[in-house]
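**Q** Take a look and give me a structure for this.
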Amino acid sequence: MATPAAEASGKRDELADSLSELLTNVSLTVRGELQGTNNQLALLEKMNDRIAQEYSNYGDVSAGLRVFVEQLNEKNQGFDECISQIDAIDQLVVEFEAVVSMLDKHVALLEKKVVSAYHISSTQ
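**A** Numbering: from 1, shown residues only. Below you'll find the predicted structure:
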C-alpha cells in the first residue's frame with residue numbers, strides 16, 4: 001500500500017499536471033482569439049487602404065473633371081461672343097431685307113411709270 005506522503009505527492013503531481021494542462025488550454029484559447037482579432041484588424045487595415053486608394057482615385061477624377069468644366073466654360077464664353085455677333089448680323093439682315101423691300105416697291109412703282117410712259121408715247 002502506498003504511504004500517505006506518496007499518495008499526497010501523486011495527487012499533487014496529478015493536480016499540477018491538470019493545472020498545467022488547463023493553463024496551456026486557456027493560453028491556446030486566448031492566443032487563438034488574439035490571432036483571430038489580429039487577422040480581423042489586418043483585414044480592416046487592408047480594407048481601409050483599398051478605400052483610401054479608391055477615394056484618392058475619385059479625387060484625381062474630380063480634379064480632371066474640374067479642369068474639363070473650366071475648359072468648357074472658356075469655350076462657352078467664346079460661343080457667347082459668337083452668338084452676339086450672329087444676333088448683330090441677324091439684325092443687319094432684317095434691316096437689309098427692309099431696305100430691299102422698299103427698293104423693290106420703288107422699282108415696281110418706277111416700272112409702272114415707265115410702262116405707263118411707254119404706252120402714252122406709243123399711242124401718240
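**Q** CA only for contacts and neighbour counts going forward, please
**A** OK.
**Q** mean confidence score for the strand or helix carrying residue 49?
**A** Secondary structure from DSSP states H and E places residue 49 in helix 4-123. Mean pLDDT, helix 4-123: 89.
**Q** Tell me how far it lies from the chain's centre.
**A** 1 Å (Cα atoms, centre = their mean, to the nearest Å).
**Q** can you pull the contacts of residue 26?
**A** Contact criterion Cα atoms under 8 Å, 6 or more residues apart in numbering gives no residues in contact with residue 26.
**Q** What's the separation between the most centrally placed residue in the chain and residue 92?
**A** Of all residues in the chain, the one closest to the mean position by Cα atoms, centre = their mean is residue 62, 5.9 Å from it. Residue 62 sits 45 Å away from residue 92, going by Cα to Cα, to the nearest Å.
**Q** Also residue 111?
**A** Separation of residue 111 from residue 92 (Cα to Cα) stands at 28 Å.
**Q** Then residue 105?
**A** With distances taken as Cα to Cα, residue 105 is found 20 Å from residue 92.
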